[in-house]
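1. Provided below for reference: sequence and predicted model.
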Amino acid sequence: MFLPNTRALAVVCWIMCVRITVSQASVPAPVLNFASSVNESNIVLNTLLVVSCYAPRGAPYPLTLSVGRLESPSQTPETTEPWVTSQVVNYASSVDFNIPAIAKYEGKIVCWYQSTRTELKNSYSEFSNTVPLVVSALPPPTVSLHPSVFLVGGNYTVYCDSTAGPVTNFTLSLYYRILPVTPGTNWTFAGSVFLTDGNRIYSRYTNAVVQIEFVCTMGMLYNGKVLHSLQSKIEQAIPEELPVRLWEQNRGESCLGDLDVKIRGMWEPVCQQEVNASVAIATANVVCRELGCGHVLVWRILENNRHFSGKIGGFRCSGKEEKTRDCPMNENESCKNRGSLYIVCSDALPPPKLSVMTYGPVPKLYGYIVFRKNGVILRDQYSKPGTSASITQSYEVAGEYDCVYRLYSSKIQLVSQPSNTVFIYIYNPPDPVPIVAGVLTTVIGIAILTYICIYRTATQEVQGNEFPAHSQDPATNAENPYPTVHIPQQP
């Protein structure tokens with residue numbers, strides 16, 4: 001019985017050895033490709049490429065994956081120095097590797113795996129397919145302006161910067177063309193500089209009145225070949241007038257609202273930082289004066305969910321400027337945790353003028369006309385822009401009337417100065433019958449007095465004149481110089 005068992009054991013061992021040999025011979029190779037879409041004929045210097053190595057289902061897990069370069073046909077995974085090796089992988093999956101696009105890693109890239117199982121005679125797989133990595137282009141440089149916003153007649157500098165990373169011995173070239181661009185307009189070469197140190201060239205412009213746009217390119221000799229970049233993005237240098245407006249949602253442009261400035265033909269909100277009160281009031285007064293809206297009544301820095309471009313970071317006026325464009329301004333500021341400058345000018349709340357029938361001037365905004373009598377509110381009447389309002393009093397009319405204009409705003413509730421005051425009183429004329437009776441009584445009385453005092457006295461004077469005009473006073477026996485009337489005494 002021992003012999004048959006020995007033969008059976010030998011057969012089992014032979015089968016196992018055959019299976020191991022066959023499995024090692026049929027171990028599938030991994031698959032290598034770029035993890036994302038890559039133009040293999042236009043690989044940019046110093047970019048980070050991602051290659052993905054896939055270990056198939058039939059691989060002897062657990063295992064590790066490695067990436068390297070294939071340099072000769074006789075090369076094997078055992079003799080290849082890996083650039084990077086993954087951690088242990090226990091099931092079929094892909095592992096990504098980051099490979100920088102530099103001269104050191106140019107060539108044919110391959111990957112392979114090595115099993116961690118100790119019973120295998122050969123733990124290495126074959127090489128994967130090859131993926132070519134050849135640097136053939138440079139990243140486009142960038143063009144920028146400083147300041148990014150400048151006035152008509154102002155000065156600015158245009159910069160061209162390399163984005164290729166830590167490289168030397170390259171050339172930057174600057175080009176321009178006048179705006180507006182017509183079909184067939186080509187770029188004009190402004191100049192180039194060969195740089196052995198540094199990564200920037202620049203050109204200054206003064207008394208700017210012409211609209212210009214710029215691009216730049218980069219070129220260099222690298223690893224035995226000439227590399228060129230694409231053109232940079234276009235940067236436009238446009239002298240600005242920087243008009244401003246006050247604008248509020250659902251109200252539009254008026255003498256109150258958030259401060260906006262027009263840049264590149266577009267209205268942009270001003271990202272205003274916190275400033276002291278004197279600077280804010282001075283800035284708001286310049287804005288109101290420039291817009292013909294009187295003087296500032298109220299200013300606030302309010303939170304705003306509008307999109308800030310960051311080109312204008314806020315004005316810092318002294319109050320003497322004619323326009324906000326003449327004020328110092330911030331630029332390229334982060335608008336995080338900042339808001340817009342909200343301004344209410346005096347013309348947004350003009351004091352109304354009250355008359356018995358209506359009021360004026362007519363407000364230019366939505367709001368309420370508040371009628372008051374003796375300081376007590378009679379009525380709030382909603383008023384659309386350009387319309388008037390009136391009230392009618394049919395009882396208890398007498399009193400002191402005025403009105404105010406209360407602004408309808410989603411952010412600030414304000415009330416204007418009171419209008420002029422109108423006094424209304426009731427005149428009650430007296431009863432005409434007593435007046436007529438009194439007049440008649442007076443006339444009759446005057447007539448009687450006239451008769452007594454004038455007519456009768458005149459009659460008596462005529463009768464007295466029949467006696468001698470010159471007589472002697474019997475008491476003195478002398479002439480009386482004054483005529484007298486002698487009335488005989490009754491016995």
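-> It's in. What you are looking at is a predicted structure, and each value in this text was computed from that prediction instead of being measured.
2. so residue 138 sits right up against residue 229, yeah?
-> Yes. The pair residue 138 and residue 229 passes the contact test of Cβ atoms under 8 Å, sitting 3.8 Å apart. Just so you know, the C-beta spots here come from the backbone N, C-alpha and C atoms, and that holds for glycine as well.
3. okay, and the common contacts of these two?
-> Common neighbours of residue 138 and residue 229, counting by Cβ atoms under 8 Å, 6 or more residues apart in numbering, are 164, 218-219.
4. For the residues you listed, which single residue is the most surrounded?
-> Each of the shared contacts of residue 138 and residue 229 was scored by neighbours using other Cβ atoms under 10 Å; the highest score is residue 218's, at 29 neighbours.
5. Now do the contacts for it.
-> Here residue 218 is in contact with 138-141, 162, 164, 170-173, 228-229 (Cβ under 8 Å, 6+ apart).
6. Same check on residue 258?
-> By Cβ under 8 Å, 6+ apart, residue 258 lies in contact with 246-248, 269-270, 302, 304, 306, 340-342.
7. Filter the shared contacts of residue 138 and residue 229 down to just the ones in helices.
-> Nothing among the shared contacts of residue 138 and residue 229 maps onto helices, per DSSP state H.
8. Turn those into CSV, including pLDDT and distance to residue 73.
-> Output for these, formatted as CSV (pLDDT from 0 to 100; distance: Cβ to Cβ, whole Å):
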residue, pLDDT, distance to residue 73
164, 93, 34
218, 97, 37
219, 97, 36
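9. Any chance of those residues in JSON lines with distance to residue 102 as columns?
-> What follows is the shared contacts of residue 138 and residue 229, written out as JSON lines (distance: Cβ to Cβ, whole Å):
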{"residue": "164", "distance to residue 102": "11"}
{"residue": "218", "distance to residue 102": "16"}
{"residue": "219", "distance to residue 102": "18"}
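10. which one of these sits closest to residue 107?
-> For residue 107, the closest of the shared contacts of residue 138 and residue 229 turns out to be residue 164, at 20.6 Å, with distances computed as Cβ to Cβ.
11. pretty sure that closest one is in contact with residue 140, am I right?
-> No. Residue 164 lies out of contact with residue 140 (Cβ under 8 Å); the separation is 9.6 Å.
12. Pull up the overlap in contacts between those two.
-> Shared contacts of residue 164 and residue 140, counting by Cβ under 8 Å, 6+ apart, come down to 218, 229.
13. residue contacts, residue 53?
-> With contact set as Cβ under 8 Å, 6+ apart, residue 53 has these partners: 30-32, 65, 67, 86, 94-95, 97, 111, 113, 128.
14. Among those, which are located in strands?
-> Judged by DSSP state E, the contacts of residue 53 include 31-32, 65, 67, 94-95, 97, 111, 113 as members of strands.
15. Of those residues, grab the buried ones for ChimeraX.
-> The following ChimeraX selection, which keeps only the buried ones among those, applies the criterion 16 or more other Cβ atoms under 10 Å:
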select :32,65,67,95,97,111,113
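16. how about the contacts of residue 53, which pair is most distant?
-> Within the contacts of residue 53, two members stand farthest from each other by Cβ to Cβ: 31 and 86, at 14.7 Å.
17. got any ranges where the stretch 151-300 of the chain has weak pLDDT?
-> Using pLDDT under 70 as the threshold, the predicted model of the stretch 151-300 of the chain has low-confidence ranges 273-275.
18. Next, the closest residue in space to residue 120 that isn't next to it in sequence: phi, psi?
-> On the basis of Cβ to Cβ, 6 or more residues apart in numbering, the spatially nearest residue to residue 120 that is not a chain neighbour turns out to be residue 60, at 6.2 Å. Per-residue torsions, residue 60: phi -80, psi 80 (degrees, to the nearest 10).
19. now residue 60: how far from residue 339?
-> Counting by Cβ to Cβ, to the nearest Å, the separation of residue 60 from residue 339 is 64 Å.
20. Repeat that for residue 392.
-> Shown here: residue 392 relative to residue 339, a distance of 45 Å by Cβ to Cβ.
21. now swap in residue 232 and tell me
-> Using Cβ to Cβ, we find residue 232 at a distance of 34 Å from residue 339.
22. And for residue 296?
-> Between residue 296 and residue 339 the computed distance is 17 Å (Cβ to Cβ).
23. For residue 283, which three-state class applies?
-> At residue 283 the chain is in helix, as set by DSSP: H, G, I helix; E, B strand; the rest coil.
24. Now it. Nearest residue, chain neighbours left out?
-> Using Cβ to Cβ, 6+ apart, the closest residue to residue 283 is residue 317 (4.1 Å).
25. contacting residues around that neighbour?
-> If a contact means Cβ under 8 Å, 6+ apart, then residue 317 has 279, 282-283, 285-286, 324, 327-328 as its contacts.
26. Kindly report the same for residue 238.
-> When contacts are counted by Cβ under 8 Å, 6+ apart, residue 238 is found next to 179, 211, 264.
27. Dump those residues to a markdown table, plus neighbour count, secondary structure and distance to residue 101.
-> A markdown table is the format used below for these (neighbours: other Cβ atoms under 10 Å; DSSP: H, G, I helix; E, B strand; the rest coil; distance: Cβ to Cβ, whole Å):
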| residue | neighbour count | secondary structure | distance to residue 101 |
| --- | --- | --- | --- |
| 179 | 14 | coil | 36 |
| 211 | 12 | coil | 38 |
| 264 | 11 | coil | 36 |
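28. Next, format those as CSV and append distance to residue 152.
-> Supplementary listing: the contacts of residue 238 in CSV, determined by distance: Cβ to Cβ, whole Å:
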residue, distance to residue 152
179, 14
211, 10
264, 14
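29. Which one of those is nearest to residue 120?
-> Relative to residue 120, and with distances defined as Cβ to Cβ, the nearest of the contacts of residue 238 is residue 264, at 67.9 Å.
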